[in-house]
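1. Attaching a predicted model along with its sequence, questions to come.
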Amino acid sequence: MNFLKLCLFILLPGLLACSQESASSSADTAYAKTGEPTASNTAYAAAEQENSTPAPADPLPDAQARVLIRSAESKMEVQDLNQHMTTLEDLVGQQEGYLGNINWQYYDYQDEVTVRIHIPADRFQYLLDTLQKLAVAVDYLRISTEDVTEEYVDIETRLKTKKAVRDRYEEILRTQAKTVEEVLLAEEQIRRLQEEIEAREGRLRYLSQRAAMSTIQLELYQPKAPSVRGSWLGNFWSDIKHSFSFGGTLTKDIVLGLLSIWPLLLLAGILFWRRQAIRRFFKR
């Protein structure tokens, strides 16, 4: 037993050396089959690493350069709806804006129009102030501001990275791609990167346009009867008038309803008369 242990102790270093030599030989064989790394393979790897490594984000711009999307919703009463719309169109045109999605509606008690106004961001507040001055009354006014600066800067940073990687692949295609496989690989990467670049550029254009042009969703209405505001007496007489009108309408509906069921009323009258006649007959 001691002899066997001694033999194993002597042979163990030799076995380990053979194992390492075999592994080294296998690696050399695999390297010989694949060949040394070409310049194009190295360039592909560098381009992929550049594409997968995000570029450091640029610092956020100061308050004056922030990308803000401003919008407002308002409902206002006007004296003359048609004249007010003409004035509104001229006013918006003077401020280099335009009107869109105009919807007119006519009711028994009032006429109203809903319009979407697109106005340059630097004229937004001025237009709101002017609209309030021209209105008889402002029912509500809501102003919202959406800050998309962080998204805008993030897209810009990623866009720069994508363009740099695309340019790198184009350089590989021109100078280092030797085989058909390498050419196809470079062209596929360029096509994919170009699609991503165009999508991000489209998003940037959308955010820029939204920030440059503010929107106002405006509802204007003109009551058909003169509105009396702040007078309980005016409201009292208006309620009396409405009550008389409602009573007359209700009476008319009742009379017309009775006339429409006259056959049933006639039948009920005949049955009632016969019943009374039978009672009188038996009383005798």
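-> Nice, thanks for sending it over.
2. how far out from the middle of the chain is the helix or strand harbouring Arg275?
-> In this assignment (DSSP states H and E), Arg275 forms part of helix 262-283. How far helix 262-283 lies from its chain's middle: 72 Å, per Cα atoms, centre = their mean, to the nearest Å.
3. For Val138, see how far away Ile216 is.
-> Counting by Cβ to Cβ, to the nearest Å, the gap between Ile216 and Val138 amounts to 13 Å. The way it works is simple: take the backbone N, C-alpha and C, and place the C-beta from them, glycine included.
4. sorry, back to before: quick one: average pLDDT of the helix holding Arg275?
-> Mean per-residue pLDDT for helix 262-283: 83.
5. What residues of that helix count as buried?
-> For helix 262-283, the neighbour count (16 or more other Cβ atoms under 10 Å) marks no residue as buried.
6. Would you mind telling me which of Ile216 and Val138 has the busier surroundings?
-> Legend: neighbour count by other Cβ atoms under 10 Å for Ile216 and Val138, higher for Ile216 (22 against 12).
7. Correct me if wrong: the more buried one contacts Pro120.
-> No. Under the criterion of Cβ atoms under 8 Å, Ile216 is not in contact with Pro120, lying 11.9 Å apart.
8. what are the ranges of the helices in this protein?
-> 2-34, 39-52, 81-94, 124-134, 149-175, 180-212, 232-260, 262-283 (DSSP state H).
9. Out of the ones you listed, which is closest to Asn101?
-> Smallest distance to Asn101 across the helices of the chain (Cβ to Cβ): 13.4 Å, for helix 81-94.
10. Check which helices and strands the closest one sits against.
-> Packing partners of helix 81-94 (3 or more Cβ pairs under 8 Å, 6 or more residues apart in numbering; DSSP states H and E): strand 98-106, strand 110-120, helix 124-134, strand 213-223.
11. returning to what we had before: tell me, what's touching Ile216 and Val138 both at once?
-> Ser74 (Cβ atoms under 8 Å, 6 or more residues apart in numbering).
12. Wait, Ser74 touches Arg142, no?
-> Yes. Judged on Cβ under 8 Å, Ser74 makes contact with Arg142 at a distance of 7.2 Å.
13. Tell me which of the two has more neighbours.
-> Ser74 (20 against 10).
14. what pairs with the more buried one across the strands?
-> Leu141, Leu218 (DSSP bridges).
15. ok, it - contacts?
-> Taking Cβ under 8 Å, 6+ apart, one finds 128, 131, 138-142, 216-219 in contact with Ser74.
16. how close does Ile254 get to Leu193?
-> Ile254 is 78 Å from Leu193, by Cβ to Cβ.
17. quick one, which of the two is more surrounded?
-> Neighbour tally, Ile254 and Leu193, criterion other Cβ under 10 Å: the higher count belongs to Leu193, 22 against 10.
18. now Leu173: how far from Gln189?
-> Taking Cβ to Cβ, one finds Leu173 at 9 Å from Gln189.
19. Of the two, which one has the most company?
-> Neighbour totals were compared for Leu173 and Gln189, and Gln189 leads with 21 against 17 (other Cβ under 10 Å).
20. Would you confirm that that one contacts Asp167?
-> No. Using Cβ under 8 Å, Gln189 makes no contact with Asp167, being 11.7 Å away.
21. Just give me the neighbour total for Arg205.
-> Per other Cβ under 10 Å, the neighbour tally for Arg205 reads 10.
22. per-residue confidence at it?
-> pLDDT recorded at Arg205 is 94.
23. Look up which residues are beta-bridged to the nearest residue to Gln105 once chain neighbours are set aside.
-> Counting by Cβ to Cβ, 6 or more residues apart in numbering, Glu112 is the residue found nearest to Gln105 once chain neighbours are left out, at 5.3 Å. With DSSP bridges as the criterion, Glu112 is bridged to Gln105, Tyr221.
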